[in-house]
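Asker: sequence plus the predicted model coming up.
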Amino acid sequence: MATMSTHKRCERYVSHAQARRIYDLIGRHQDSRLLGEHRALEELARLGSFEEAHDVFEFGCGTGRFAASLLRTRLPVDCRYVAVDVSPKMVALARTTLAEWSDRASVDLTEGSMSLESDDAQFDHFVCTYVLDLLSPEDTESLLSEARRVLRPGGLLCLAGLTVGTTPSARLLTSLWRRAWRVRPWLVGGCRPVAVAELLTGPTWKIRDGTAVNARTLASDVIVAERL
């Protein structure tokens, strides 16, 4: 019985192949889906000390919109930007979006593995937005471990993602969202609200900044944590 329960629980999370299909279908519409994401990303850009960055890695770059915003307005002119995504459609869109910075920004396709093809301590910033709310707990743990590996000591982990709402209307939306996710994860893009800060406990990370961004009934966590 325990094995069956575990199997059913694992089925709630979309597979890497399912995530690829979902985001291939979403394509450029990802940028206009949710107003709350835009506000949270603006806050992440403000809190992330990107003006001091020299080497940035982004896991799950989508259309490249956030990377382009950072390259245009905040990152030093000599900053290197490396991005990956599981969706061929998103990779193609991101490469077009970042063509202006092709001499220092690259976008690569992954097969969905949490293992990164980068050496240890290669980056001072690791960006991951609206991805942890898609991953299984096991993949999340693996990705955070890889983020710590590729970050230099003192490097910054910059996260944004859906979280549990605190207002009555936001709590109602959270409840409905989770019910939809449990029944048909693809109806909500495979994502569900998670408490990002709870994933960064222990001696490996120190949260430097954290805030909740509310847009209508949508709540997002914005977290900047230092790699210890």
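Answerer: Sure, I can see it. Numbering: from 1, shown residues only.

Asker: the protein: strands as residue ranges?
Answerer: Ranges of strands within the chain are 55-59, 80-85, 105-109, 123-129, 151-162, 205-215, 218-227, based on DSSP state E.

Asker: closest one to R192 among these?
Answerer: strand 151-162 (7.1 Å; C-beta to C-beta). Bear in mind the C-beta positions are built from the backbone N, C-alpha and C, glycine included.

Asker: and the angle for the helix of greatest length in the chain with strand 205-215?
Answerer: Longest among the helix segments of the chain by residue count, using DSSP state H, is helix 168-183. Taking axes from the mean of the first three to the mean of the last three C-alpha atoms, to 10 degrees, one finds helix 168-183 and strand 205-215 inclined to each other by 110 degrees.

Asker: just checking, what packs against helix 168-183?
Answerer: Applying 3 or more C-beta pairs under 8 Å, 6 or more residues apart in numbering; DSSP states H and E, one finds that helix 168-183 makes contact with strand 218-227.

Asker: what pairs with the strand it packs on, and is each one parallel or antiparallel?
Answerer: strand 151-162 (antiparallel), strand 205-215 (antiparallel) (DSSP bridges).

Asker: contact partners for the closest residue in space to G161 that isn't next to it in sequence?
Answerer: Leaving out its chain neighbours, the residue that sits closest to G161 by C-beta to C-beta, 6 or more residues apart in numbering is D133, at 4.4 Å. Neighbour list for D133: G161, L162, C191, R192, P193, V194 [criterion: C-beta atoms under 8 Å, 6 or more residues apart in numbering].

Asker: next one: phi and psi at D133?
Answerer: For D133, the backbone dihedrals (degrees, to the nearest 10) come out as phi -80, psi 0.

Asker: any idea how far it is from P153?
Answerer: Here the criterion is C-beta to C-beta, to the nearest Å. By it, D133 lies 28 Å from P153.

Asker: now do the closest residue to V194 other than its chain neighbours, the pLDDT please.
Answerer: Nearest residue to V194, sequence neighbours excluded (C-beta to C-beta, 6+ apart): D133, at 5.1 Å. Looking at D133, its pLDDT is 89.

Asker: where does this protein dip in pLDDT?
Answerer: Counting by pLDDT under 70, the chain shows low-confidence ranges at 1-12, 24, 26-36, 186-187, 189, 216-217.

Asker: list the residues that contact the residue positioned nearest the centre of the chain.
Answerer: Nearest to the mean C-alpha position of the chain, by C-alpha atoms, centre = their mean, lies T129 at 2.5 Å. Applying C-beta under 8 Å, 6+ apart, we find T129 in contact with E37, A40, L41, L44, E58, G60, G62, F66, C158, L159, A160, G161.

Asker: that older thread, out of the strands paired with strand 218-227, which one sits most buried?
Answerer: Greatest average neighbour count among these goes to strand 151-162 (a mean of 22), per mean count of other C-beta atoms under 10 Å.

Asker: quick revisit: mind putting the strands of the chain in CSV, distance to T96 included?
Answerer: Shown next, in CSV, are the strands of the chain (distance: least, C-beta to C-beta, whole Å):
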stretch, distance to T96
strand 55-59, 16
strand 80-85, 13
strand 105-109, 10
strand 123-129, 19
strand 151-162, 23
strand 205-215, 27
strand 218-227, 26
